[in-house]
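Chemist: Below is the structure, and that's it, no one-letter string:
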């Protein structure tokens, strides 16, 4: 009588082995292949340099191919530099500065500029006097940015029972209004708009504008005024 051959046991047969570092029944970690080598926020210098190179190139009405030939670079490399995807060497920056006829330091100006934020606690905006103050309009200045070309002024405006209508404001620039509380009839040029909380209005502020009828008090709205920066001679 012949005995049946014994079945050989092969370790691990019939099951899928787990990757190193994971226990039985655990899921292997997912690796983000795009994460390596591209940390967010670490290429601010490259982006600043790239923006300046592109700006100088366009000011001189040069194409990417034309500047790359002048600087002795490939057009692909120049394109990467302008998009902040490559970190140019000092030799490359010197070649670009010679081709663009600007100092090397000009590529770093935007990176070295001070960037500030304005934080205003609730109720602590600066109360200032404007044209509508005499009509009982309260202006809280929430910040102020004086750029090279424009001035930005965000206000929280409050109207109460002591406030008067005043639909004849006029000033240069653009204005954005966002209603927070109350209801108002707001005039812009020859049109009127009934504004409720959540409504907004954006317009060229050179035309006459302002509150024409106060429907439900108190009224609060944000007003952001953007006006061109005027040079003082």
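Modeler: Thanks, I have it. The structure presented is a predicted model; accordingly, all values stated were derived computationally and were not measured.
Chemist: ok now stretch 60-74, how far from the chain's centre?
Modeler: The chain centre lies 29 Å from the centre of stretch 60-74; the measure is C-alpha atoms, centre = their mean, to the nearest Å.
Chemist: next one: stretch 200-220
Modeler: 27 Å.
Chemist: Straight-line length of it, end to end?
Modeler: With C-alpha to C-alpha, to the nearest Å as the measure, stretch 200-220 spans 12 Å from end to end.
Chemist: which stretches of the chain form strands?
Modeler: Taking DSSP state E to define them, one finds strands in the chain at 126-128, 138-141, 145-146, 150-159, 174-188, 191-195, 200-204, 209-228.
Chemist: Now do the fourth one against strand 174-188, angle only.
Modeler: With axes from the mean of the first three to the mean of the last three C-alpha atoms, to 10 degrees as the criterion, the two stretches strand 150-159 and strand 174-188 enclose an angle of 40 degrees.
Chemist: got the buried residues for strand 150-159?
Modeler: The neighbour-count criterion (16 or more other C-beta atoms under 10 Å) identifies 153, 154, 155, 156, 157, 158, 159 as the buried residues of strand 150-159. In this view, the C-beta of every residue, glycine as well, is placed from N, C-alpha and C.
Chemist: and what of the last one?
Modeler: Taking 16+ other C-beta under 10 Å as the neighbour-count basis, strand 209-228 is seen to contain the buried residues 209-212, 214, 217, 219-226.
Chemist: Tell me which helix or strand in this structure has the weakest average pLDDT.
Modeler: Every helix and strand in the chain was compared by mean pLDDT, DSSP states H and E; the lowest is strand 145-146, with a mean of 68.
Chemist: Show the average pLDDT along stretch 186-204.
Modeler: Average pLDDT, stretch 186-204: 96.
Chemist: Could you check it and say which residues are buried?
Modeler: Neighbour counts over stretch 186-204 (16+ other C-beta under 10 Å) mark 186, 187, 188, 195, 201, 203 as buried.
Chemist: Bridged to residue 157, which residues?
Modeler: On the basis of DSSP bridges, residue 157 is bridged to residue 139, residue 221.
Chemist: wouldn't it be in contact with residue 221 here?
Modeler: Yes: contact criterion C-beta atoms under 8 Å: residue 157 and residue 221 qualify, at 5.6 Å.
Chemist: Where do the helices of the chain begin and end?
Modeler: 44-59, 64-71, 75-82, 90-100, 109-112 (DSSP state H).
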